[in-house]
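Enquirer: below: sequence and its predicted model.
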Amino acid sequence: MLQEVLTDQLKDLLHAENQLVKALPKMAKAAKDDQLKSAFTDHLEKTKGHVERLKQVFEMLDEPAKAKMCKGMAGLVEEGNEVISEGKELDPVEADLALIAAAQRVEHYEIAAYGTSAKLAEGMGRGDIAELLSQTLDEEKEADQLLTQITQPLLDSAAESDGEDMDMDEEEEEEETVKPARRGR
C-alpha cells in the first residue's frame, strides 16, 4: 500500500521536474540580475539530475518511470509565465523580485513533495530510496536559500530607488507648501 502511494508521488514529481526543465531556461532568459540568471541556469542542471535520480528510484522500486500530470506544478509554471510576461513592463529589479517569488513557490512545492516522499520511503523500510530523495530535497532547500540571498541586494536596490522617488516627492510637497504661503503675503 505504501509503495502505491510513493509511486503515485514519484510519478507526480517526475512530471513536475520535466516541466521545470522546460521552464527554467525561460526564467533564466527573463532574469536581469546576473546572479539570478546564474541561479536559474545552475538549477536547471540540478533539475536534470533530479529527473535522473527519480528514474533511478523507479528502477529500485521495479516500477516504470511514468510521469503523471502534476496540476500543481502546471499552475506554478503558468504563474511563472505570467510573471515573465508582466515583467517586461516592470522595472528590472521589480521583475527579478517577481521571478524570485514565482521560483520560491516552485521550490516550496518541491520541498513538500520530496519531504513527503522521503518519509514514505522510510516508512517502507527503504532507506536507500529515502536517501536519494533526501539528496534532492536538500538541493531544493539550497535553491530556495540561494533565492532568498539573491533577494536582499535586489530589495536594497529597490529601497534606494524608492528613497530617491520619496526625496523627489518630498521636495515637490515642500514646494507646494511653500508657494501658497508666499502668495498670501
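Expert: Arrived safely.
Enquirer: how about the strands in this protein?
Expert: For the chain, applying DSSP state E gives no strands.
Enquirer: just the helices in it please.
Expert: 2-30, 34-60, 71-87, 92-123, 127-183 (DSSP state H).
Enquirer: need these in a markdown table with mean pLDDT and mean neighbour count, can you?
Expert: Using the backbone N, CA and C atoms, a C-beta is placed for each residue, glycine as well. As requested, the helices of the chain are arranged in a markdown table below (pLDDT from 0 to 100; neighbours: other CB atoms under 10 Å):
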| stretch | mean pLDDT | mean neighbour count |
| --- | --- | --- |
| helix 2-30 | 97 | 19 |
| helix 34-60 | 97 | 17 |
| helix 71-87 | 95 | 16 |
| helix 92-123 | 97 | 20 |
| helix 127-183 | 78 | 14 |
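Enquirer: now do the contacts for the spatially closest residue to G87 that is not a sequence neighbour.
Expert: What sits nearest to G87 in space, not counting adjacent residues and going by CB to CB, 6 or more residues apart in numbering, is A95, at 3.4 Å. Each residue near A95 by CB atoms under 8 Å, 6 or more residues apart in numbering is listed here: 30, 32, 83, 87-88.
Enquirer: pull the most distant pair out of these.
Expert: The span of these, defined through CB to CB, is set by K32 and V83 at 12.9 Å.
Enquirer: from memory L155 sits against D96, does it?
Expert: No: using CB atoms under 8 Å, L155 makes no contact with D96, being 10.5 Å away.
Enquirer: re the thing from before, closest one of the contacts of A95 to L120?
Expert: Of the contacts of A95, the one sitting nearest to L120 (CB to CB) turns out to be V83, at 32.0 Å.
Enquirer: gap between that closest one and E94?
Expert: 11 Å (CB to CB, to the nearest Å).
Enquirer: cool, and H108?
Expert: Distance from H108 to E94, by CB to CB: 21 Å.
Enquirer: over to Q135?
Expert: 35 Å.
Enquirer: do D128 as well
Expert: The value you get for D128 to E94, if CB to CB is used, is 45 Å.
Enquirer: for G123, which non-adjacent residue is closest in space?
Expert: L2 (5.6 Å).
Enquirer: residue contacts, the one you found?
Expert: 120, 123-124.
Enquirer: as CSV, the residues you listed with distance to M69 would be great.
Expert: Formatted as CSV, these follow (distance: CB to CB, whole Å):
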residue, distance to M69
L120, 20
G123, 25
M124, 25
